[in-house]
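Colleague: Below is the sequence, then the predicted model.
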Amino acid sequence: MGKLRPGEGEWLGSSHTGRPFPLRSFLLLLGSLLSCGLGGSAQGPGEWTLWGSWTRCSSSCGQGVSVRSRHCIRFPGEEPCWGDSHEYRLCQLPDCPPRAVPFRDLQCALYNGRPVLGTQKIYQWVPFHGAPNQCDLNCLAEGHAFYHSFGRVLDGTPCSPGVEGLCVAGRCLSAGCDGLLGSGTREDQCGRCGGANDSCLFVQRVFRDAGAFAGYWNVTLIPEGARHLRVTHRSRNHLALLGSDGRYVLNGNWAVSPSGTYESAGTRVVYTRAAAGPEETLHATGPTSQDLLLQVLLQEPNPGVEFEFWLPRERYGPFQEQTQALGWSLRQPQPREVEPQPPEPPEPPAPAAIPSRTPAPAPDPCAPCPDTRGRAHRLLQYCSSDFVFRARVLGRRRQAQETRYEVRVQQVYKNRSPLQTREYVWAPGLCPCPPLTPHHEYLLAARRLVSPDGTQDRLLLPHSGYARPWSPAEDSRVSLAARHCPV
């Protein structure tokens, strides 16, 4: 098996060891021979092997890095595999002893008493954090006004004091919520790692009751499991928070609490009262481990208390029941969902003489879209389109006889004119083909449509056009299509 340049993968060749190929290798080789026999050639990227095992942590205490790798298997003529050949994971060990020497200090100390800089002079070295690249081993000569870079620091070295992140292969990377360095994966508002805010509901209201007398008035119940709580108002009134045990967390018993952070219901509540004005705010990341009751201490007419939080879908029903049991209801009880759906038309009442029956499920008003798969369709759409780009769908709106998608452009493969970071893509009809789902990424081929009077300039996704869920394979296919368009 011949070696390629680093990162390019491995060629499949004949076995000279006498051992049989694994089944997968045999099938790949058979496919290659059939392709050659039919006059074709291998296309697209190669395939990765399975990930290897994680290595031991680079540190013996505190934070460190563990790494695993995989190899790219390619036939002659195939493109390199898409993605990285190495993954780095944050490993967290027990804290280092108080007097332990920091990792970067140890690396600088390795050069103590050794001739450097092409002379026989020796120095004592300590870390220097003022150099441009924080992942280089920059060491200051003690008692002198210069520093020297000894190359990269070892993987797992903290980037710099007070900065979150570790150095890996000369880059400062932070860990995502999945524990992988440089993944960029974050928790959504629902607390799910890499989620799309679809497992919870966004509750947002304004409490406007004026109040018939001064005193404490219930605003809303903040149920267990609530996240990203935010409350604000502008008046001489005061927000009050009551725990499930009946004790006030702040501003209780007609006493005003100072601004600060308060521990309650398993989270930290940040209370702020502006010194220069009447604005007052509450913030809490959550999730709350118990119910909390938000109140307002009225001293003047209530101009409105704005509050919002995210709540798991399964907790919204009990939340409504509890608020009704308290004797006061929320205004506009429907939460604002991530993707608002049009209200369903009410069912007509059944005639009195006919016993009610279980209604049959309503048919899908949208007919199935035609099958547009295949290389020929992809090539036609790519070459005839004005724009080909990868985008994430942020929202969808149906109006008149059109559907408008708001998208965030991630990567541009082809454009006849500049594209903005956020664009509107229009599709004909209320049942466009192919349909796009909010919070998903697609590879889109769009055309530019300018009205005769020049007042409208749109990106149009034609009926039965090209819109595929984005994947590494789509990236390779569109790159291949670009080379076959007529000049």
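Modeller: That came through, no problem. Just so it is clear, the structure is predicted and the values come from calculations on it, not from any experiment.
Colleague: For the closest residue in space to residue 172 that isn't next to it in sequence, grab the count of nearby residues.
Modeller: Distances taken as Cβ to Cβ, 6 or more residues apart in numbering place residue 159 nearest to residue 172, at 4.0 Å, with adjacent residues excluded. The way it works is simple: take the backbone N, C-alpha and C, and place the C-beta from them, glycine included. Neighbour count for residue 159, taken as other Cβ atoms under 10 Å: 20.
Colleague: try the one 4 residues further on
Modeller: By other Cβ under 10 Å, 12 other residues sit near residue 163.
Colleague: now the one 3 residues further on
Modeller: Residue 166 is flanked by 27 other residues according to other Cβ under 10 Å.
Colleague: Spit out the contact partners of it.
Modeller: 63-65, 90, 155-159, 172-173, 175, 181 (Cβ atoms under 8 Å, 6 or more residues apart in numbering).
Colleague: Mind doing that once more with 10 Å?
Modeller: When contacts are counted by Cβ atoms under 10 Å, 6 or more residues apart in numbering, residue 166 touches 58-59, 63-65, 88, 90, 103, 135, 153, 155-159, 172-175, 181-182.
Colleague: From residue 53, how far off is it?
Modeller: According to Cβ to Cβ, to the nearest Å, residue 166 stands 20 Å off from residue 53.
Colleague: Residue 79 now?
Modeller: 28 Å.
Colleague: same question, residue 206
Modeller: Counting by Cβ to Cβ - residue 206 and residue 53 are separated by 55 Å.
Colleague: cool, residue 187 as well?
Modeller: From residue 187 to residue 53 the distance is 27 Å (Cβ to Cβ).
Colleague: Those two: which is more packed in?
Modeller: Neighbour count, other Cβ under 10 Å: between residue 187 and residue 53, residue 187 has more, with 14 against 7.
Colleague: what's the spacing between the more buried one and residue 317?
Modeller: To residue 317, residue 187 is 24 Å away according to Cβ to Cβ.
Colleague: and if you look at residue 375?
Modeller: On the measure of Cβ to Cβ, residue 375 and residue 317 end up 49 Å apart.
Colleague: more neighbours, the two?
Modeller: residue 375 (12 against 9).
Colleague: who's in contact with that one?
Modeller: Shown in contact with residue 375 (Cβ under 10 Å, 6+ apart): 43, 477, 480, 481, 484.
Colleague: pLDDT, distance to residue 404 and secondary structure for those residues - can I get that in TSV?
Modeller: Formatted as TSV, the contacts of residue 375 follow (pLDDT from 0 to 100; distance: Cβ to Cβ, whole Å; DSSP: H, G, I helix; E, B strand; the rest coil):
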residue	pLDDT	distance to residue 404	secondary structure
43	61	36	coil
477	84	27	helix
480	81	31	helix
481	81	27	helix
484	74	32	coil
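Colleague: Export the residues you listed to a markdown table and append columns for neighbour count and distance to residue 398.
Modeller: Shown next, in a markdown table, are the contacts of residue 375 (neighbours: other Cβ atoms under 10 Å; distance: Cβ to Cβ, whole Å):
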| residue | neighbour count | distance to residue 398 |
| --- | --- | --- |
| 43 | 14 | 39 |
| 477 | 20 | 30 |
| 480 | 17 | 35 |
| 481 | 21 | 31 |
| 484 | 10 | 36 |
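Colleague: Serialize those residues to JSON lines and add fields for distance to residue 260.
Modeller: Compiled in JSON lines, the contacts of residue 375 are given as follows (distance: Cβ to Cβ, whole Å):
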{"residue": "43", "distance to residue 260": "63"}
{"residue": "477", "distance to residue 260": "57"}
{"residue": "480", "distance to residue 260": "60"}
{"residue": "481", "distance to residue 260": "60"}
{"residue": "484", "distance to residue 260": "65"}
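Colleague: Could you point out which of those residues is nearest to residue 97?
Modeller: Closest approach between the contacts of residue 375 and residue 97, by Cβ to Cβ: residue 477, at 54.7 Å.
Colleague: mind listing what the closest one touches?
Modeller: Residue 477 neighbours (Cβ under 10 Å, 6+ apart): 43, 44, 45, 375, 378, 379, 382, 443, 468, 471.
Colleague: Narrow those residues to those in helices?
Modeller: In helices, defined here by DSSP state H, the members of those are 375, 378, 379, 382.
Colleague: any idea where the helices of the stretch 301-450 of the chain begin and end?
Modeller: Ranges of helices in the stretch 301-450 of the chain, per DSSP state H, counting those that start in this stretch, are 313-325, 375-384.
Colleague: Would you mind finding the most buried of the ones you listed?
Modeller: Ranked by mean neighbour count, those are led by helix 375-384 with a mean of 16 (mean count of other Cβ atoms under 10 Å).
Colleague: hang on, the earlier thing: which of the ones in helices among the contacts of residue 477 lies closest to residue 439?
Modeller: Among those, residue 378 lies closest to residue 439 (Cβ to Cβ), at 24.4 Å.
Colleague: For the stretch 251-400 of the chain, give me the ranges with low pLDDT.
Modeller: Along the stretch 251-400 of the chain, the model assigns pLDDT under 70 to residues 323-365.
Colleague: let's see it at 50
Modeller: Applying pLDDT under 50 to the stretch 251-400 of the chain flags residues 328-347, 350-359.
Colleague: what about the strands in it?
Modeller: With DSSP state E, counting those that start in this stretch applied, the stretch 251-400 of the chain shows strands at 260-264, 267-273, 279-284, 292-298, 305-312, 387-399, listed in chain order.
Colleague: which one of those strands lies closest to residue 219?
Modeller: Comparing those under Cβ to Cβ, the one sitting nearest is strand 292-298, at 4.4 Å.
Colleague: Partner strands of that closest one and their direction?
Modeller: Sheet pairing here is set by DSSP bridges, and for strand 292-298 it gives strand 215-222 (antiparallel), strand 238-242 (antiparallel).
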